[in-house]
Each structure stands twice: as C-alpha cells, then as structure tokens.
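A.B. asks: no sequence on hand, only this structure:
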C-alpha cells in the first residue's frame, strides 16, 4: 500500500544534501542491497556484493558521493510503498502537471539470482505529463578510485576500479551529457507511457549487453519470485502484514552465495547524530544468525534456516566461536577510517569492526538456542555438528567465570549478567539436546552441574534488592534491557524476571521505545529491538494484553516509511538512527508478534 512521505504531507526535503533515514526503502536480490530515497535517488549500493565498496555513497557524502536519481524536474510530492508480498518498490510522484510511478527492483531471473547485478527502474506516466531528470553519478569508492567511460563496438561501459557497468535505457530517455564522472538525461512520460533506466554491473567479469525489454520483464519475474516466497511462509498469526514485511527484510540480508546473514546493509550510519558510534554492520554476527534462523523457523522458511545453520556450523569449524565473520566466512579485519563526511557529518566513517577481537559469552547461548530450535522443529544434526556443539558446551563450562565484552560489545570487560545468563542458556540447552540424543552425552552430567552453578552465581551476585531487578553486572546499579531476553531463554525465577522487566520498562523506557542500558541516552537513540524483546517477555510472563498495547504503539511509531527499519530511533522526534535495514530490529518484531499470537518459542 502506498502512503505519503512524509506522513504529514508536503514535499521530500533534503537538509544539507541529506535525506532522513526513514526516507529510504531497501531493494535487494540476495547478493546486494540498494537504498532508494523517497525523492527517487538511490544513495547507497554496494555492488556487486552487500559488503563490496559502494558504487553509490551519497548517503555518507552528500556533495561528492555517487548516486542514481530519477526525480521530477518540477516540485513534487511522493507516495511510497512495496508491492504486497514483494521487495519490488514503488514511488508515485505528483507534480502540478501530472503523476508518474517509479517501480524499482534489483532483479532476479526465472532460475534465481542472475550472474550479474541488475538494478531496474521503470518510469510510467499515470496522469497528465511529467518530466523527470535522470542523474547517474559514479562513486569513487571512498575516493580510492577514478571512474571512467570506455567505448567499443558493443557499446559504452563505465568502470570504477574492478567494477564494470552498463547504463541501459529505453529510447525515450534522452542523454543530455556524459563524461567520466556522470551521465545526465531526461525523460518525459504521459498517461500510459512507460520508459526504463537500469544498471547492469559485475566485478572482474565480462557483461552481456542485456536488451532493455528483458530487464523490464524481469521486474515482474522478480516480483513473482518474492510473492512465491511469501506465499509459502507458514505464519498465520497476528500482525501478519508487519511480520511478512520483516521477513522480506531479513531475506534481503541473507547473502545467498554463502548463507550468511548480514547485521545490516550499511556502514557508519550514526546511533546519535554528530556522535562517534558509527559502525560497519555489513558482517555476519553469530548472535544475529542465531536469532534469524529461529525467526525463519517460526515463519516456516526452512530452506533459509537450514542454509544459515550450515553456514554457521562451518564457520565455527573453521575459526572457532568468533563474534562475527565476513559474509564469505573469513575473519573480519580491524577497523579503519575512511575520509568521508559521514551521515549528517557524523564521523568517523568506518570499514571493518573492532568486535572481531572481542569475546562474548553470549555466542554460546545463541549457538545452542539456535541448534535446539532447529531440532525441536524436526531438523536433524549431522555427526560433525553434534560433535562441534559438544566441544562448545565443554568450552562454555570451562570459561563461564571469565569476564567478557557483553552483548553490547563494550570496551570494559565485566561479569555481565546477560553473558552469564547466556552461559546458563547454552549449558541448559546442551543438556536437553543430549538427553534427547541430539548430542553426545558423555559430558552431560558435567554440563548439568555447571548449569546449576551458573544459575546460583547469577542469583547470588546479580540480583539487587534495592533495584528489585537483575542489574547489568554485580555491584552496579545499572539496568540492561537485553535481560528481557532471559524470559525467552527460560531462565530462573519468573518473579525476579517479572520485576526486572518492570524496572527496565520504568527506567529505560522513552515514549514507545527503550534505551539499551542505564546512562546511554546521552550518546544514542533508543534501540528498537529492546522494545520488542520486552514485549515478548511480558507476553511470556502472562501479561499478553499489556504487551500487545506496547507492540501496537511501537508499530505505529515506526510507521514512517515503506517498512525498512533501522537500528534505533530518536524518542523525541521519531527519526531513525543507525544502520538499516537492521536485522535485529526486524527479527525481534517477528519473535514478538509470534509470541503474542501464542506460537511456541
């Protein structure tokens, strides 16, 4: 369904060259993700892969970055929305002289993903007459490459470092100027008339000069493929529209060449405007992979869940229990800073991620919860996977007393309560899986003893009578919203968990949202997944009606765009913050909705 952007009406405005993050919709085909703004400008596209250097990076460099825009020449208003059950996106522009629709797709073919990247944009006249300006400005991969055009008997190509691309267009698109930096054109459409512009690109590979008519047809092929996928989802619960849209967002972040799941499609979008919390999320975290696998299982997307679990087990075999991996399964490089202005001048702009050198106990709980959900859903682990999990349970039993960086990847090593609960979770699930014959049972009794010691340690050291809550770490008076997850993990005393959730809601709540932990409000916005975690916990603790009210309030607050959600939001303005589309936000929504619908964990 198309809705106006902004919701209050009026034109789409850039501020110093920047659009608000909620102006963007995500396009994808299982290999890359592009962000298209409500003014018709694609300002971010890492091509040909989700973690490639960006071809379009105006998102982080508004005056020098690359972009691909199709925008009315005259003042306009916009209505935006995805097609039902699809990641094909539509924008309707209205000017004083007419209406035109822009339909966008990162295309796939009848047999699945194409050998090349194909970004298609169809322009249709709906009413009257509309002239649109087409601008294709080549990015420089963060000022590391000089774009140039080349011509031969087959046509003209653009080159940016190792990337080669073709600008394809229909006859009605008239070129005004072209050089090594950009191609400028215009197109006129009236009611019933349709034109097309597209990019076909690849890296270190020859390209077919694809007929424009074939690219146009593949928009519908791609739409049908998305709808076939959503129709096979097994979700029949409440909030189906929101769950389906979040499932489609997660599908965009599933890197089909390997089965890895990216945390987000962008880097360095700030958690607080002007702040330094700007990170590269184009990697696969064990935590996110585990949660997404469970979400796919709840949606009935078994093939995706199996592929993601296979990827995860393979990485654990190759590198051990790391916090995150590249989408190709390698270890992630340390951070480096890029010389770009950053979104709304929020620097630094980063590539790589410092968490690659951290240890987080939470990875044990995430791995075992994922494997346990897989077998409960009818899956079977192979012998290699079972042996690997048994070794990880031994490792968890051996190391749970150590300090770690916690779920929030903080620089201060502590005995974080959430980390200890994750160790308990891992050992509890390992015991259950061994009892059911899914894991070798040789060390089952040791795991059970360690599980009980962890639980006793948490209740002795991490509970605060003064706060009436589990605190962030022993001796602290801080609260941590991630402790709401302990309810889903089936940890401990329900009365203490209920009191903890009440304290989180009371002290960390801000409007319909919640901050991650005490004191972080000065640095960043509210973390959207935390609210959905709290909703799920409340429902599991028997307060389902109250939880539903909170869920519906946050869904209403997030209704600012086509359904592409970010990591955080400003509780005062509602503006989106952080990288997007954010895997953790969308999957937490799915889990909360499924729990509110009464579905089993």
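C.D. replies: Received, thanks. Computed from a predicted structure; not experimentally measured.
A.B. asks: host element of the closest residue to residue 298 other than its chain neighbours?
C.D. replies: Leaving aside its sequence neighbours, residue 298 sits nearest to residue 594 (C-beta to C-beta, 6 or more residues apart in numbering; 4.9 Å). All C-beta spots, glycine's among them, are computed from the backbone N, C-alpha and C. Here residue 594 sits within helix 583-596, counting by DSSP states H and E.
A.B. asks: quick one: average pLDDT of that helix?
C.D. replies: The average pLDDT for helix 583-596 rounds to 95.
A.B. asks: please apply the same query to stretch 121-137.
C.D. replies: 98.
A.B. asks: centre of the chain to it, how far?
C.D. replies: Relative to the chain's own centre, stretch 121-137 is displaced by 30 Å; criterion: C-alpha atoms, centre = their mean, to the nearest Å.
A.B. asks: the stretch 301-450 of the chain: strands as residue ranges?
C.D. replies: Ranges of strands within the stretch 301-450 of the chain are 324-325, 336-338, 349-351, based on DSSP state E, counting those that start in this stretch.
A.B. asks: for residue 191, which of the ones you listed is the nearest?
C.D. replies: Nearest to residue 191 among the strands of the stretch 301-450 of the chain is strand 349-351; the distance by C-beta to C-beta comes to 43.7 Å.
A.B. asks: check contacts around residue 489.
C.D. replies: By C-beta atoms under 8 Å, 6 or more residues apart in numbering, the contact list for residue 489 reads 365, 369, 421-422, 424-425.
A.B. asks: what do you get if the cut-off is 6 Å, keeping everything else the same?
C.D. replies: Contacts for residue 489 (C-beta atoms under 6 Å, 6 or more residues apart in numbering) come out as residue 425.
A.B. asks: show me how far the lowest-mean-pLDDT helix or strand in the chain is from its chain's centre.
C.D. replies: When each helix and strand of the chain is scored by mean pLDDT, DSSP states H and E, helix 286-299 comes last, with a mean of 83. Centroid displacement of helix 286-299 relative to its chain, using C-alpha atoms, centre = their mean, is 12 Å.
A.B. asks: what do you get for stretch 361-376?
C.D. replies: That offset, for stretch 361-376, works out to 20 Å (C-alpha atoms, centre = their mean).
A.B. asks: can you check stretch 315-334 too?
C.D. replies: 19 Å.
A.B. asks: buried sites along that stretch?
C.D. replies: Within stretch 315-334, the residues scored as buried using 16 or more other C-beta atoms under 10 Å are 315-316, 321-327, 329, 332.
A.B. asks: spit out the contact partners of residue 534.
C.D. replies: For residue 534, the contact set (C-beta under 6 Å, 6+ apart) comprises residue 484.
A.B. asks: report the outermost residue of the protein with respect to its centre.
C.D. replies: Distance from the C-alpha centroid of the chain, by C-alpha atoms, centre = their mean, peaks at residue 153 (41.7 Å).
A.B. asks: next, give phi and psi for that one.
C.D. replies: When quoted as degrees, to the nearest 10, the phi and psi of residue 153 stand at phi -60, psi -20.
A.B. asks: can you pull the pLDDT of it?
C.D. replies: pLDDT, read off for residue 153, is 81.
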